[in-house]
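S.K.: A predicted structure for the sequence below; I have some questions about it.
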Protein chains: 2
Amino acid sequence: MYLKPCSEISEAGRAADPADPFDETGPRRMLQRVGEGRHLFMEGDEAHHVYEVQSGMLRLSRVLENGRRQVVAFGLPGDVIGFPEGDFHHTDCDAISDAVVSVHRKSALEVCVDPALHQRLTKAALREICAMQDHFMMLSSKSAAEKVAAFLLSLAERIGEPSARGLRINIGMRRVDIADFLGLTTETVCRTFTQFRVDGLIVLETAHLAIITDLAGLRARAEPE
Amino acid sequence: MYLKPCSEISEAGRAADPADPFDETGPRRMLQRVGEGRHLFMEGDEAHHVYEVQSGMLRLSRVLENGRRQVVAFGLPGDVIGFPEGDFHHTDCDAISDAVVSVHRKSALEVCVDPALHQRLTKAALREICAMQDHFMMLSSKSAAEKVAAFLLSLAERIGEPSARGLRINIGMRRVDIADFLGLTTETVCRTFTQFRVDGLIVLETAHLAIITDLAGLRARAEPE
DNA sequence: CGCATCGTTGATCAATTTCAATGCCGGTGG
DNA sequence: CCACCGGCATTGAAATTGATCAACGATGCG
């Protein structure tokens, strides 16, 4: 069982209501903290806001009745999350690590009272569509090695930091999140990490701190043959 | 090889330029025909328009260098397709069957000169995001049977017509399209159709005309266990 | 009628899932 | 301070599934 049933989480697991966000830079910038493990919203919730991730990492996922889970996306700083469909959210969203998001009324997507914000959100929606198409390519990649390599590379592109030994990645999510994101099992993700490690493509300082030591080699693994 | 290389298609495979669409109901409604097999746009093309499908069926896909293909979505009547990212299209789009689309300037997504249209397109973009999340669930479904069942059900929901023997579906796309949409091979799609047929869930009048004779049974196959 | 394209079926094989056990680490309480 | 516990990561062996390779059938078109 990946997630507790909704009833158990109830209000306890929720982040504080955005009605009382802490406010850093004036009314234009309503911020909200989301503690690790807390839900920002859940599938079926009425959608009042969209969110821009400022810091931390969030996880967007859908859960099937039987407990199977698909991680739809990870929300990293700069991402806009919580695009509604109709008046409801269609995914769960919870924080993998303590996060701060800025809150915008959903209506900012529809009407042009704040043209700059509106355009930013619209562009984000289009970027999201494109990113999801990229994700399709990852999901349909036939082999586990291709998926995991592509995943690491996309993560490196977003949050990789150059270091002495190579590109350093702070992998915030757990193996099961990666597995559910890529349509694999945790075991397969693990084995693939190990394979990359013994092949000298990456170094795992800890399970969540990876260094890409052979970028070209990893890129090669992201493609067939 | 699924698709001819770009060079072979060149301009010959393209639909007529939208600069000269036929016009049925005045300037607000610029229509464009896309003959079967013709491309509406290709990955990397500069994006000037977005399109609303009026009739026919289109296919949105991405092709990897090695010829592997992922069908990102099918464009059915009512769908809006061609959402750009930056100034470019990030998928190919071609017609599976003769299609008619109405053409809107890309800018209609950004500025609110025509609020009704703008809102319609924005809603379509959000719907698209949600639909892609549904597609993720299908792609990550572990078994081929689940994928194909879910695919048939979603198709039935969109274009199914009640008939004496059950819900009738005109499957416009070929097996290879379904396979590339679901991350399977044509052989596996075939075998799964056959399995559903011998199990009495569907009847195949022709390869492209299916009737769901046991909706509940098919729904059961779309889920694990 | 023959060719080309697509759909179907069969047999084999490789890959990943599954099931199971062990290791690792941080937190907690005696 | 140390032992224990729970969650997560890792590894191993077996079982299942879908890909692959190959052949054949159906259908439409010149």
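M.R.: Alright, I've got the coordinates. No experiment lies behind these values; they were computed from the predicted model shown.

S.K.: Find the nearest non-adjacent residue to A:Asp134, please.
M.R.: Once flanking residues are discounted, A:Asp134 sits nearest to A:Ser154: 7.3 Å by CB to CB, 6 or more residues apart in numbering or on different chains. Heads up, the C-betas are built off the backbone N, CA and C, glycines and all.

S.K.: Which residues of chain A lie near chain B?
M.R.: Residues of chain A found near chain B (CB under 8 Å from any CB of the partner chain) are A:62, A:64-66, A:68, A:70, A:72, A:83-85, A:90-91, A:109-112, A:115, A:119, A:122, A:125-130, A:132-133, A:135-137, A:139-140, A:142, A:180, A:183, A:223-225.

S.K.: Got a quick PyMOL command for the buried subset of these?
M.R.: Per 16 or more other CB atoms under 10 Å in any protein chain shown, the buried members of the residues of chain A next to chain B correspond to this PyMOL selection:
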select buried, chain A and resi 62+68+70+72+83+84+85+90+91+109+110+112+122+125+126+128+129+130+132+133+135+136+137+139+140+180+183
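
S.K.: any idea which residue sits dead centre in chain A?
M.R.: When CA atoms, centre = their mean is applied to chain A, the residue found nearest the centroid is A:Phe74 (0.6 Å).

S.K.: quick one: stretch A:139-149 to chain centroid distance?
M.R.: Stretch A:139-149 sits 18 Å away from the centroid of its parent chain (CA atoms, centre = their mean, to the nearest Å).

S.K.: near DNA strand C, which residues of chain A?
M.R.: Within chain A, the positions adjacent to DNA strand C are A:Ser143, A:Ala144, A:Ala145, A:Gly183, A:Leu184, A:Thr185, A:Glu187, A:Thr188, A:Arg191 by CB under 7 Å from any atom of the strand.

S.K.: Would you agree the fifth one is in contact with A:Ala144?
M.R.: Yes: because the distance of 5.5 Å satisfies CB atoms under 8 Å, A:Leu184 is recorded as touching A:Ala144.

S.K.: neighbour-wise, which of the two wins?
M.R.: A:Leu184 (22 against 18; other CB atoms under 10 Å in any protein chain shown).

S.K.: Next, that one: secondary structure please.
M.R.: coil (DSSP: H, G, I helix; E, B strand; the rest coil).

S.K.: confidence score at it?
M.R.: Here, the pLDDT recorded for A:Leu184 equals 96.

S.K.: Might you calculate how far the host helix or strand of the residue nearest to the centre of chain A sits from the centre of the chain?
M.R.: Per DSSP states H and E, A:Phe74 falls inside strand A:69-75. With CA atoms, centre = their mean as the basis, strand A:69-75 stands 6 Å off its chain's centre.

S.K.: Then stretch A:50-62?
M.R.: 6 Å.

S.K.: Report the next helix or strand after the longest helix anywhere in chain A in sequence order.
M.R.: Ranked by residue count under DSSP state H, the longest helix found in chain A is helix A:115-140. Using DSSP H and E, the helix or strand that follows helix A:115-140 in sequence is helix A:144-159.

S.K.: Leaving out the residues flanking it, which one is nearest to A:Gln54?
M.R.: The nearest residue in space to A:Gln54 (CB to CB, 6+ apart) is A:Val100, at 4.3 Å.

S.K.: What residues sit buried inside the strand or helix carrying the one you found?
M.R.: Counting by DSSP H and E, the element that carries A:Val100 is strand A:92-105. By neighbour count on 16+ other CB under 10 Å, the buried set for strand A:92-105 is A:Asp92, A:Cys93, A:Asp94, A:Ala95, A:Ile96, A:Ser97, A:Ala99, A:Val100, A:Val101, A:Ser102, A:Val103, A:His104.

S.K.: Report the distance from that strand to the chain centre.
M.R.: 10 Å.

S.K.: Between helix A:115-140 and it, find me the angle.
M.R.: Interaxial angle of strand A:92-105 relative to helix A:115-140 (axes from the mean of the first three to the mean of the last three CA atoms, to 10 degrees): 160 degrees.

S.K.: Strand A:92-105 packs against which elements?
M.R.: Under the contact criterion of 3 or more CB pairs under 8 Å, 6 or more residues apart in numbering or on different chains; DSSP states H and E, strand A:92-105 touches strand A:30-34, strand A:39-41, strand A:49-63, strand A:69-75.

S.K.: Take these and write them to CSV, including mean pLDDT.
M.R.: As requested, the helices and strands packed on strand A:92-105 are exported to CSV (pLDDT from 0 to 100):
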stretch, mean pLDDT
strand A:30-34, 95
strand A:39-41, 96
strand A:49-63, 96
strand A:69-75, 96
